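Colleague: coords below, sequence missing:
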């Protein structure tokens, strides 16, 4: 039944637009209407997941290559399950052992996989915009899905966060989202800001000054800055805590986890002090006791973390289904 | 046909009991009747394997996460094939690269996978009882299968050994099994003793004194000790040789492989001297020339090693099928 | 439809012969007629790949174990996709973590996998002829496929190269193939020479003297040597550049990549100078700028590299299908 409903979505103008773009490089490639189509598709996929079915058969001709040049079992597994839920096959490349270690370029690796029959490449890479560059030279039947590049973009994370917030708040127009932590080095923050602004939300940033993008860039993105976390969250609908890297805090700022925690940790005390009724998001994995207390991370009423993870699979299923709709079985 | 017969077993009171326990933590969670139901199911699964079929379809909605925090290609592969024989999907977590390396707790990893749709977690871990602790906090639709924890338990190994011996001897009541080697640090020995005593067998232990549990513990488990290996095996029905770790011998006992071999190796000479007619089991991989001679390990009449490996897949299929029977397609 | 045509091929005398040989150890195990049957089967498999289908169902009872004791994501992935295209399951052994690391022999690993239900072992190993030795002791229902052993053989590479050249030139009788580079240490060269000579082609070798087999061996194989690369390629139909290993050049010959490149690089200038109209093959991954220039490697008219990769999957599907035809679902 879900497969039938997917076919209905595929027939829409907006779905055809998404499909014709062939790739998922960043969220700014899509119009608000297209974002809504992605969300609508993700909703169907989530419904399918809740139904505990055998894998779909409709996309069984697709082969997804997972190329993770940075470690992330979490995101890799989410893409793998999304693909196999659709009935597609997944080829996990073990980058340590691969030809890349022998000095092969990403381009050569990509063309090798494509020659073998792979028609979607899920790529995470430390180099900014490498998926974008690659996508321009690939044959028409191949899709690139960006699973994170440098500090630039992590579009499926932004889509799953948007989907998660929409489930609770419906339309996000004029809703306020506070992003807390190292925004400067976060592709999660960057893609989220792009998407949230596009969809009419208000975004406020809060974190150590040295871990903030410049005022110009924030302005351009339409993000306000509030140094006082309590003030920032008082009227927030959602708080998005980012994972902080110990090494970065120490080397860039001579800050310890303890310093960060005092000033930027989200916890029940702070929420009560500021009378915040916000729900909490975190892209995971959480440094427990740092960005969030254990109690808040596990608070079934306030924390959306597990919902985010589940929605991640649904959103990735949706993106692949929309891109694969050119090539049903 | 096998799938139909499985459904018949699932309808039995004993199978429903097993299913209601949701997890496989150790063998003492099951009554003798339930153990017999597991064995009966394993027999069907073995019959299915011998028939060389395409994977079953009945369990295609299940997703198994393989979490091995200690290396074991052998056991991991056995669980993987068991799951895919049933038609379930397997997600192999690469622990080295996973979020665990970033300091994530097992609990967080488990909830992440469950949120993604995984409904069975196969876990091997060096920490005792960690699967038991985890199983108590998971949602009702999730099963934990213990693939070995610390020195505590390795229930599927005990079940496959029991199944293997039962194929030959039928009812094991009053049969004598001699376990040889480092019993103190062996979860294989511990689970086997629990299961064998529960099923009415006699268990005798033989090994270096420092690698024996205390007399109290042995008493409590109902195990006799015999220091003279030849005397121990003379009237044994089965000899179970354990894998010995060189490092442990050296550090704990200043014993070399050669010392161990002289006193505790099972070989044709020893079997003849003691007029033993016992069959030989070993959980693998064998240190050839140490616990067993090459000749004995490969003796098609006496060695049950390959049968154990094959039965391992059947027993793991059986356990998963019984736990998954809540969630057929 | 392709599955039906495969069944027709399987019924031929030549296919039955191939099947009865059970293993793919090297190309000299097959007669010219049998090689043609493999090529004909590969052609069907390629047609199937082009059609973008869901995996076949006919071979779904087969389980392939991938045992790569030397790293090669490229060849491993090719075998994996070939097997799953056929609908077979693949068990990838992670050799670093496997029992092999605990000192288990290849024989024990093989029998363990076979006991678990694996019926085809794809093996790459640094030790010469190890697959051949192993194949002699395995049960009748198990196939070994050599994915490269030492400097001896790489039969699927030779078969895919032959298939690729035949697509262009038809019958290779009296066609001239020049192999360039380190022929002495190349299993790719050795298997290619065996196959090409068997099929009536002329083979000429060109490379640093110290990286050439002895004159006796070359004679025996029916290979001529030409030290002047331009002369060698002037009337060649195909040039097969081999991957050169920096370490070997330096340790064996005190040669740098630059020295090699000056004398043995294939590039447009050289092709024009010698008026060669040859097409270029390379087993990959290419050291770009060393064996081939970027421009030539990517020249859609002259370079067959991507075709080779695609044909590699087709040839491996063909070999497995022919060996599995004993055991259709």
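Modeller: Nice, thanks for sending it over. Fair warning: this is a prediction, and the values are worked out from it, not measured in the lab.
Colleague: Which secondary structure element is home to residue A:82?
Modeller: Taking DSSP states H and E as the criterion, residue A:82 maps to helix A:73-85.
Colleague: Counting neighbours, what do you get for residue A:300?
Modeller: Neighbour count of residue A:300, defined by other CB atoms under 10 Å in any protein chain shown: 6. To be clear about C-beta, it is placed using only N, CA and C from the backbone, and glycine gets the same treatment.
Colleague: Show the pLDDT at it.
Modeller: Residue A:300 is assigned 96 on the pLDDT scale.
Colleague: The next helix or strand after the helix holding residue A:82 pairs with which strands, parallel or anti?
Modeller: Note on helix A:73-85: by DSSP H and E, the next helix or strand toward the C-terminus is strand A:89-92. Strand A:89-92 has the following strand partners under DSSP bridges: strand A:63-68 (parallel).
Colleague: Could you figure out how far the strand it pairs with is turned away from helix A:73-85?
Modeller: On the basis of axes from the mean of the first three to the mean of the last three CA atoms, to 10 degrees, strand A:63-68 is oriented at 180 degrees to helix A:73-85.
Colleague: Mind listing residues that contact strand A:63-68?
Modeller: For strand A:63-68, the surrounding residues in contact (CB atoms under 8 Å, 6 or more residues apart in numbering or on different chains) are A:75-76, A:79-80, A:83, A:88-93, A:95, A:106, A:109-110, A:113, A:117-125, A:147, A:320, C:81.
Colleague: can you give me the helices in the stretch 201-329 of chain A?
Modeller: For the stretch 201-329 of chain A, the helices defined by DSSP state H, counting those that start in this stretch occupy A:215-221, A:229-234, A:246-253, A:257-264, A:268-273, A:294-297, A:305-324.
Colleague: what's the most buried one of these?
Modeller: helix A:305-324 (a mean of 26; mean count of other CB atoms under 10 Å in any protein chain shown).
Colleague: buried stuff in the helix holding residue A:82?
Modeller: Neighbour counts over helix A:73-85 (16 or more other CB atoms under 10 Å in any protein chain shown) mark A:73-85 as buried.
Colleague: what do you get for stretch A:37-57?
Modeller: For stretch A:37-57, by 16+ other CB under 10 Å, it's A:37-46, A:48-49, A:54-56.
Colleague: measure residue A:271 to residue A:234 for me?
Modeller: 10 Å (CB to CB, to the nearest Å).
Colleague: pLDDT score assigned to residue A:68?
Modeller: Taking residue A:68 on its own, its pLDDT is 94.
Colleague: what's across from it in the sheet?
Modeller: residue A:124.
Colleague: residue ranges with poor pLDDT in the stretch 1-150 of chain A?
Modeller: In the predicted model, the stretch 1-150 of chain A carries pLDDT under 70 at residues A:97-102.
Colleague: tell me the centre residue of chain A?
Modeller: Closest residue to the average C-alpha location of chain A: residue A:157 at 0.8 Å, with CA atoms, centre = their mean.
Colleague: element containing it, please.
Modeller: helix A:155-169.
Colleague: so that helix versus helix A:305-324, what angle?
Modeller: Using the same axes, to 10 degrees, helix A:155-169 lies at 120 degrees relative to helix A:305-324.
Colleague: Helix A:155-169 and chain B in contact?
Modeller: No: Helix A:155-169 is not in contact with chain B by CB under 8 Å from any CB of the partner chain; minimum separation 11.4 Å.
Colleague: Does anything pack onto that helix? Which helices or strands?
Modeller: helix A:32-50, helix A:73-85, strand A:143-149, helix A:187-198, strand A:238-241, strand A:279-281, helix A:305-324 (3 or more CB pairs under 8 Å, 6 or more residues apart in numbering or on different chains; DSSP states H and E).
Colleague: which parts of it are buried?
Modeller: Buried-residue list, helix A:155-169, by 16+ other CB under 10 Å: A:155-166.
Colleague: ok, the residue nearest to residue A:189 when sequence neighbours are not counted - contacts?
Modeller: Closest residue to residue A:189 in three dimensions, ignoring its sequence neighbours and counting by CB to CB, 6 or more residues apart in numbering or on different chains: residue A:183, at 4.5 Å. Shown in contact with residue A:183 (CB under 8 Å, 6+ apart): A:189, A:205, A:207, A:211-213, A:242.
Colleague: following the helix holding residue A:157, which helix or strand shows up next?
Modeller: strand A:176-180.
Colleague: Now do the same contact list for residue A:191.
Modeller: A:26-27, A:153-155, A:157-158.
Colleague: Not counting its neighbours along the chain, what's nearest it?
Modeller: residue A:158 (3.7 Å).
Colleague: for residue A:319, same thing?
Modeller: In space, residue A:319 is closest to residue A:24, 5.4 Å off (CB to CB, 6+ apart).
Colleague: The one you found is in contact with residue A:153, isn't it?
Modeller: No: contact criterion CB atoms under 8 Å: residue A:24 and residue A:153 do not qualify, at 9.6 Å.
Colleague: can you list residues touching both of the two?
Modeller: Joint contacts of residue A:24 and residue A:153 (CB under 8 Å, 6+ apart) are residue A:146.
Colleague: circling back: so how many other residues sit close to the residue nearest to residue A:319?
Modeller: Residue A:24: 28 neighbours (other CB under 10 Å).
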